[in-house]
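J.: sequence-free structure coming up:
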């Protein structure tokens, strides 16, 4: 038996997230169906995490166990001919039997992209619109950077997790957070050992409100310590979020 690790890229616009669901189309469902077709056996894949509906990935990782003799180096070629255009297998490799895409991961890097329409009402191309969150006001990068540094390190991130979500331990170690503007696009980069449900979208939503002057930048520490989702900013839409890399 072989343990095959896949690096997967996808546009999450048309999918109800990663996890397989009854009667709803998901990334996992499509992958399992096409891999099962390729190897002629029922396949169950493990993903590094459950990206939400509408979230995209550049470097999602999955693995599956198979008895198939399909050469590993041919797997991307075969699957990419079977898969829809919005899912791409970037790499396939055989790994040890103890590798698990989720439980072997030690960190993840996410990017979130925001497009500033600003006062001249210049909107992004429809080709870009699926991948950015549009705001009408130019944000203050300096204020957002200052506030974001409070979040670095090991903290309880309950204030930024989705209301109603369940988790055993809300403590995560945020090792990196960068904010940069390139023209009209502002990119938020966050790396941590793991993330809570909708945590990135909650953090970016809060920082945007700070950058727009809706929340005082000095309040960030209080928001974090409150451990109360009601204290933080809005959870912004999924379409600007990308899973860039999973670390092992």
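T.: Here it is on my side, so go on. Computed from a predicted structure; not experimentally measured. Numbers count the residues shown, from 1 in each chain.

J.: what sits up against the strand or helix carrying residue 31?
T.: Residue 31 is part of helix 27-39 when elements are defined by DSSP states H and E. The contact list for helix 27-39, computed with C-beta atoms under 8 Å, 6 or more residues apart in numbering, reads 6, 8, 10, 12, 15, 17-21, 42-45, 47, 51, 60, 62, 64, 66-68, 70, 75, 78-79, 82-84, 87. All C-beta spots, glycine's among them, are computed from the backbone N, C-alpha and C.

J.: Let me see the contact set for the closest residue to residue 19 other than its chain neighbours.
T.: Computed as C-beta to C-beta, 6 or more residues apart in numbering, the closest residue to residue 19 that is not its neighbour in sequence is residue 50, at 4.7 Å. Residues near residue 50 by C-beta under 8 Å, 6+ apart: 17-19.

J.: which ones are touching the closest residue to residue 214 other than its chain neighbours?
T.: Distances taken as C-beta to C-beta, 6+ apart place residue 233 nearest to residue 214, at 7.6 Å, with adjacent residues excluded. Taking C-beta under 8 Å, 6+ apart, we find residue 233 in contact with 202, 205-210, 214-215.

J.: and these, which two are the farthest apart?
T.: 202 and 214 (14.8 Å; C-beta to C-beta).

J.: more crowded one of the two?
T.: residue 202 (24 against 12; other C-beta atoms under 10 Å).

J.: Hmm, the more buried one is touching residue 232, no?
T.: Yes - between residue 202 and residue 232 there is a contact under C-beta atoms under 8 Å: 5.8 Å.

J.: thinking again about what came up before, what average pLDDT does the helix holding residue 31 get?
T.: Across helix 27-39, the average pLDDT comes to 97.

J.: now stretch 210-226
T.: 96.

J.: How about stretch 189-204?
T.: 96.

J.: out of the contacts of residue 233, which are inside strands?
T.: In strands, defined here by DSSP state E, there are no members of these.

J.: Now which of those residues would you call buried?
T.: Neighbour counting by 16 or more other C-beta atoms under 10 Å classes 202, 205-210, 215 among the contacts of residue 233 as buried.

J.: With distance to residue 137 as added columns, please give the residues you listed in TSV.
T.: Formatted as TSV, the buried ones among the contacts of residue 233 follow (distance: C-beta to C-beta, whole Å):
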residue	distance to residue 137
202	20
205	14
206	16
207	14
208	9
209	11
210	12
215	14
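
J.: In the protein, where is pLDDT below threshold?
T.: 163-167 (pLDDT under 70).

J.: In it, mark out all the strands, start to finish.
T.: 2-10, 46-47, 56-66, 87-95, 107-116, 133-135, 153-156, 171-182, 185-192, 241-247.

J.: of all the buried ones among the contacts of residue 233, which comes closest to residue 132?
T.: residue 208 (12.6 Å).

J.: distance of the residue lying closest to residue 211 once chain neighbours are set aside from residue 68?
T.: Closest residue to residue 211 apart from its sequence neighbours, by C-beta to C-beta, 6+ apart: residue 139 at 3.1 Å. Per C-beta to C-beta, to the nearest Å, residue 139 is found 50 Å from residue 68.

J.: Between the two, point out the one with more neighbours.
T.: Of the pair residue 139 and residue 68, residue 139 is the one with more neighbours under other C-beta under 10 Å, namely 21 against 18.

J.: Find the residue closest to the residue nearest to the spatial centre of the chain in space, skipping its chain neighbours.
T.: Ranked by distance to the mean C-alpha position of the chain (C-alpha atoms, centre = their mean), the top residue is residue 243 at 3.5 Å. Of all residues not flanking residue 243 in the chain, residue 57 sits nearest, at 4.2 Å (C-beta to C-beta, 6+ apart).
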